[in-house]
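Asks: how would this look folded up:
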Amino acid sequence: MLMLFSVFMYFSGVLVFCMKRKHLLLMLLSLEFIILSLYFNIFIYLSYFNNEFYFSMIFMTMSVCEGALGLSLLVSLVRTHGNDYFQSFNVLW
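Replies: Numbering: from 1, shown residues only. The predicted structure follows:
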């Protein structure tokens, strides 16, 4: 039952990521939600086999680094362009 909930969390995060592709903050939040659902899935999988949760701590560390990198890119983008919509600036320039 928990595995089904984790899969539902993952696909709802992917759906929001695809629907809100023009707003960078919502894309970053949906990516963090996807990472959280994957962490939940790994935690459930490792608890079924009574394994150590060392890999889940490494995964959480990498996801925090990814979140900090995304937030720093968002802050620099807002400082240079004034907002975080992809329509207001040229991505290829």
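Asks: S37 falls within a strand, correct?
Replies: No - checked against DSSP: H, G, I helix; E, B strand; the rest coil, S37 lies outside a strand; its state is helix.
Asks: Chain neighbours aside, what residue packs nearest to it?
Replies: The spatial neighbour of S37 that comes closest, neighbours along the chain excluded (Cβ to Cβ, 6 or more residues apart in numbering), is M9 at 3.6 Å. C-betas here are computed from N, CA, C, even on glycine.
Asks: which ones are touching T61?
Replies: Residues near T61 by Cβ atoms under 8 Å, 6 or more residues apart in numbering: none.
Asks: Assess the claim that F40 and S6 are in contact.
Replies: Yes - shown here, F40 and S6 form a contact pair, counting by Cβ atoms under 8 Å, at 4.9 Å.
Asks: Determine which member of these two has the greater number of neighbouring residues.
Replies: Neighbours per residue, other Cβ atoms under 10 Å: of F40 and S6, the larger number sits with S6, 20 against 17.
Asks: Look up the closest residue to that one, ignoring the ones flanking it.
Replies: N41 (4.2 Å).
Asks: Please name the residues that touch the one you found.
Replies: By Cβ under 8 Å, 6+ apart, the neighbours of N41 are M3, S6, V7, Y10.
Asks: Secondary structure element holding it?
Replies: helix 24-48 (DSSP states H and E).
Asks: and the next helix or strand after that helix with helix 24-48, angle?
Replies: Toward the C-terminus, helix 24-48 is succeeded by helix 54-81 as the next helix or strand (DSSP H and E). With axes from the mean of the first three to the mean of the last three Cα atoms, to 10 degrees as the basis, helix 54-81 and helix 24-48 are set at 180 degrees to each other.
Asks: Any stretches of the chain with poor pLDDT?
Replies: 86-93 (pLDDT under 70).
Asks: Just give the closest residue to L46, not the sequence neighbours.
Replies: L46's closest residue in space is F53 (Cβ to Cβ, 6+ apart), at 5.8 Å.
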